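Asker: got a predicted structure plus its sequence, pasted below:
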Amino acid sequence: MSNFNEDLFVSEILEGIPNELPPFQKRRENVNHAPKRKDILSETEKKLALKNALRYFEIKDHEFLAKEFIDELEQYGRIYMYRLKPKHIIKAQSIDKYPCRSRQAAAIMLMLQNNLDDAIAQHPDELITYGGNGSIFQNWAQYRLTMKYLATMTNEQTLVLYSGHPLGLFPSHTNAPRVVITNGMMIPNYSSKDDWERFNALGVTQYGQMTAGSFMYIGPQGIVHGTTITVLNAARILQASQSNHSESQFDEQSQLNPCRGLVFVTSGLGGMSGAQAKAAVIAGCIGVIAEVNPDVVKKRHDQRWVDEVFTDTSALINRIQIARQNKEAVSLAYQGNIVDLWEKFVTENISIDLGSDQTSLHNPFSGGYYPVGYTFEEAKKMIAENPEKLKIAVQETLIRHVNAINKLSERGMYFWDYGNAFLLEAKRAGANILVNNDNNNNNNIGDCEKFRYPSYVEDIMGPMCFDYGFGPFRWICTSGDNNDLIISDGIALQVLEQMAINSPIEIKRQLNDNICWIRDAMKNNLVVGSKARILYADCLGRINIARAFNNAIKERLISAPIVLGRDHHDVSGTDSPYRETANIRDGSRFTADMAVQNFVGDAFRGATWVSLHNGGGVGWGEVINGGFGLVLDGSQECEIKLESMLHWDVNNGIARRAWARNPAALFSIQKAMEINPLLQVTIPNIASDDIITKAINKSN
């Protein structure tokens, strides 16, 4: 269906799960599909999974649906209920198209559908947005029922979602969140990878990733921006190391284009990793990205995010040398396994400047990382038919992967873990990834230095962005009107330029990078799906931009409400010891108080919806993260909410980072307390290393 049918759209939303079930339909052939999941359920558990699925339907339909659903479970490892997939186009429509009694709920429907847009979702028929398993819902019955609840609810109700399951509408009040979402919240001893496989197959939980299960994904634009900022700052670190100067000693002019002529090699073009090709070009370097899935390579090439595609490593190397000589900003895709490419660089003695990896290693044995020596189709088949063989092949591949990276790093390459659990899974595979090559050392709680390579948060995002309160702030124009987006870009640019005039030197570079970003945003053509934008801003920047948006809506300069949000990958939103909290070294990086407190605090300070997830980025059981959505409608009530909620949403994390003795966070929280005297944060008294050493020595 190519044309929008408004009558069908409205009727299917209001219908929910239909009394007369729609005819059987196979999943589509023209979209990417999730791989077959592990056959992990016992016969008794399969019966339970079937009973769980049938409870959405009237008893009269159980007999024929039971056969259909058990076939799905056997064939795909999950019950997706393809029959229930609606006929209407699923994509972000203008907010006025949605049937509703609550304008806030209509905005949530828009955001939810954006996550399932064919142009955005990685596996749309399986309701997976990105990361191989980042789900919005577990099945299409949950989608239909949730949309009906949202369309019929009022501002005196709150919808509760348990891992995609709409528990129901509960009486609340106008200042309460319209939706409260939890995903994958398990008892801690039941949060292993196999636990996810089992309980997800049973239909009782799901992996919401970060912005997938919270309805806040805006397509690859978000990670394009984050990757651009990361690559720019990585180049500055490399520049400083090569010059034997500290990164801060370079003046701004010398670092305006630090990536020019540098070669950045990484892997992954699907889902969020697809942003790497575009980000490399925006940052000004030569981006070389390996991807095993030919359909994904074609998609990014057709999208013009990849400039050129190669299947031969020798031809690719020749092209890299030409690009390096001409200092081109270009994205080159290698359709093949990243390990073959890294090993070719080693044997051919090719110099690489920057390196990373964005395969989905949070999900290494279910399609997130493919072993070398097998075709893409062979590896997919092995996932379902011989998972133990696949696991061995993946771990052997990781060992080779790390060996090649180690050799290139010894020649001067700056490599970082991109928060995809690369270091963690390489360690588990027995790769030479630790400084002392001791893969049995699990006691280094206080710092992350046991790994040869830093995570990107540890070296870049943590000290340069998060500790200062800078993080991925985003907004979505619910009108769907490009003119509203252009106006909002201009407002944000004006706010940042004004802030930069008198900004402290500590944050000036981050402000300038984001001024350049927003100034070129339209030229970079990053919008896929909803009319959305992202930039990194600190607490003051977020509040000032949001307030200006609210005023613009009030004055009808912007025609419809704006949804504010952020990635969970932010200052306060995520506790993840190998990623977002990797540069917290007081031992608390393995705790999750910050993310949980953030979720609760956002809820009672005015968020329109809130979410809390187990898993995201580095894997299920490895991280707790949360997010929010806030609908601005131009009202005075919204101004009160945005100031209260955004202030908490940023300063909660800065305060935690300051208590961990992070210097930049101590600077930032002191500034925040000067601006708002109602903020009173406990500041650490820092003990000298000499006193600690003397006390330990004396006790021994």
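Answerer: All right, it came through fine.

Asker: when you work out contacts or count neighbours from here on, use the C-alpha atoms and nothing else.
Answerer: Noted.

Asker: residues in contact with the closest residue to Lys508 other than its chain neighbours?
Answerer: Residue nearest to Lys508 in three dimensions, not counting chain neighbours: Ala500, with 6.4 Å by CA to CA, 6 or more residues apart in numbering. Going by CA atoms under 8 Å, 6 or more residues apart in numbering, Ala500 touches 508, 511-512.

Asker: then Met185?
Answerer: Neighbours of Met185 in contact, by CA under 8 Å, 6+ apart: 205, 613-614.

Asker: just the buried residues from the contacts of Ala500, in ChimeraX please.
Answerer: Only the buried members of those enter the following ChimeraX selection, criterion being 16 or more other CA atoms under 10 Å:
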select :511
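
Asker: please report how far the residue nearest to Lys508 lies from Ile669.
Answerer: Per CA to CA, to the nearest Å, Ala500 is found 19 Å from Ile669.

Asker: what's the longest strand in this protein?
Answerer: Counting by DSSP state E, the longest strand found in the chain is strand 624-632.

Asker: give me the most central residue, the chain.
Answerer: Met210 (5.2 Å; CA atoms, centre = their mean).

Asker: now do the buried residues in stretch 279-298.
Answerer: 279-293, 296-298.

Asker: may I have the secondary structure class of Gln276?
Answerer: helix (DSSP: H, G, I helix; E, B strand; the rest coil).

Asker: list the contacts for it?
Answerer: 223-224, 227, 268-269, 287, 289.

Asker: does Cys394 lie in a helix or a strand, and which?
Answerer: To be clear, residue 394 is Val; Cys isn't right here. helix 387-410 (DSSP states H and E).

Asker: list of residues touching that helix?
Answerer: By CA under 8 Å, 6+ apart, the list of residues contacting helix 387-410 reads 38, 338-339, 342-343, 346, 351-352, 364-365, 369-372, 379, 382-383, 415, 425-426, 429-433.

Asker: give me the neighbour count for the spatially closest residue to Ile70 that is not a sequence neighbour.
Answerer: Distance criterion CA to CA, 6+ apart; nearest residue to Ile70, sequence neighbours excluded, is Leu50 at 6.7 Å. Counted by other CA atoms under 10 Å, the residues lying close to Leu50 total 21.

Asker: adjust the sequence numbering to begin at 454 for everything that follows.
Answerer: All right, first residue 454 from here; so that's Leu503.

Asker: what's in contact with the host helix or strand of Leu503?
Answerer: Element membership for Leu503, per DSSP H and E: helix 496-507. Applying CA under 8 Å, 6+ apart, the contact partners of helix 496-507 are 515, 518-519, 522-523, 532, 654-656.

Asker: isn't Asn779 up against Gly714?
Answerer: Yes - if you go by CA atoms under 8 Å, Asn779 and Gly714 touch, sitting 7.5 Å apart.

Asker: what's across from Gln610 in the sheet?
Answerer: With DSSP bridges as the criterion, Gln610 is bridged to Pro624.

Asker: other residues contacting stretch 969-985?
Answerer: By CA under 8 Å, 6+ apart, stretch 969-985 touches 544-546, 564, 567, 570, 572-573, 671-674, 678, 735, 927-931, 933-935, 938-939, 942, 945-946, 986, 988.

Asker: among these, which lie within helices?
Answerer: 564, 567, 674, 678, 735, 935, 938-939, 942, 945-946 (DSSP state H).

Asker: taking those residues, tell me the two that lie furthest apart.
Answerer: Farthest pair in the ones in helices among the contacts of stretch 969-985 (CA to CA) is Met564 and Ile735. Separation: 26.8 Å.

Asker: how about the helices in the stretch 754-903 of the chain?
Answerer: 766-779, 791-800, 829-838, 840-863, 875-882 (DSSP state H, counting those that start in this stretch).

Asker: what about the second one, average pLDDT?
Answerer: Read that as helix 791-800. For helix 791-800, mean pLDDT is 98.

Asker: counting neighbours, show which residues of that helix come out buried.
Answerer: Buried-residue list, helix 791-800, by 16+ other CA under 10 Å: 791-799.

Asker: what do you get for the third one?
Answerer: The neighbour-count criterion (16+ other CA under 10 Å) identifies 829, 832-833, 835-837 as the buried residues of helix 829-838.

Asker: could you list the low-pLDDT ranges of the stretch 604-753 of the chain?
Answerer: Filtered on pLDDT under 70, the stretch 604-753 of the chain yields the residue ranges 697-709, 724-725.

Asker: which stretches of it form strands?
Answerer: Remark: strands assigned in the stretch 604-753 of the chain by DSSP state E, counting those that start in this stretch are 610-615, 618-624, 632-636, 716-720, 739-744.

Asker: which strands and helices sit next to the first one?
Answerer: This means strand 610-615. Under the contact criterion of 3 or more CA pairs under 8 Å, 6 or more residues apart in numbering; DSSP states H and E, strand 610-615 touches strand 618-624, strand 632-636.

Asker: and the second one, by the same measure?
Answerer: Contact partners of strand 618-624 among helices and strands, from 3+ CA pairs under 8 Å, 6+ apart: helix 593-605, strand 610-615.

Asker: and of these, who's closest to Arg480?
Answerer: helix 593-605 (12.0 Å).

Asker: how about the strands in the stretch 904-1053 of the chain?
Answerer: Counting by DSSP E, counting those that start in this stretch, the stretch 904-1053 of the chain has these strands, from start to end: 924-930, 984-990, 1015-1019, 1027-1028.

Asker: to Ile589, which of those strands lies closest?
Answerer: Using CA to CA, the strands of the stretch 904-1053 of the chain put strand 1015-1019 closest to Ile589, at 16.7 Å.

Asker: extract the C-alpha trace of that closest one and format it as CSV.
Answerer: Coordinates of each C-alpha in strand 1015-1019 appear next as CSV, following Å, rounded to 0.1, in the frame of the first residue of the first chain:
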residue,chain,number,x,y,z
ILE,A,1015,7.1,19.5,20.0
VAL,A,1016,8.2,16.3,21.7
LEU,A,1017,11.4,16.6,23.8
GLY,A,1018,13.4,13.6,24.6
ARG,A,1019,16.9,12.2,24.7
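
Asker: now it against strand 924-930, angle please.
Answerer: 160 degrees (axes from the mean of the first three to the mean of the last three CA atoms, to 10 degrees).

Asker: rounded mean pLDDT for strand 1015-1019, please.
Answerer: The model assigns strand 1015-1019 a mean pLDDT of 97.

Asker: buried ones in that strand?
Answerer: 1015-1019.

Asker: got it, and stretch 749-768?
Answerer: 749-754, 758-763, 766.

Asker: ok, stretch 498-507 next?
Answerer: When burial is assessed from 16+ other CA under 10 Å, stretch 498-507 yields the following buried residues: 499, 501-503, 506-507.

Asker: closest one of the residues you listed to Tyr909?
Answerer: Looking across those and measuring by CA to CA, the closest to Tyr909 is Ala502, at 39.7 Å.
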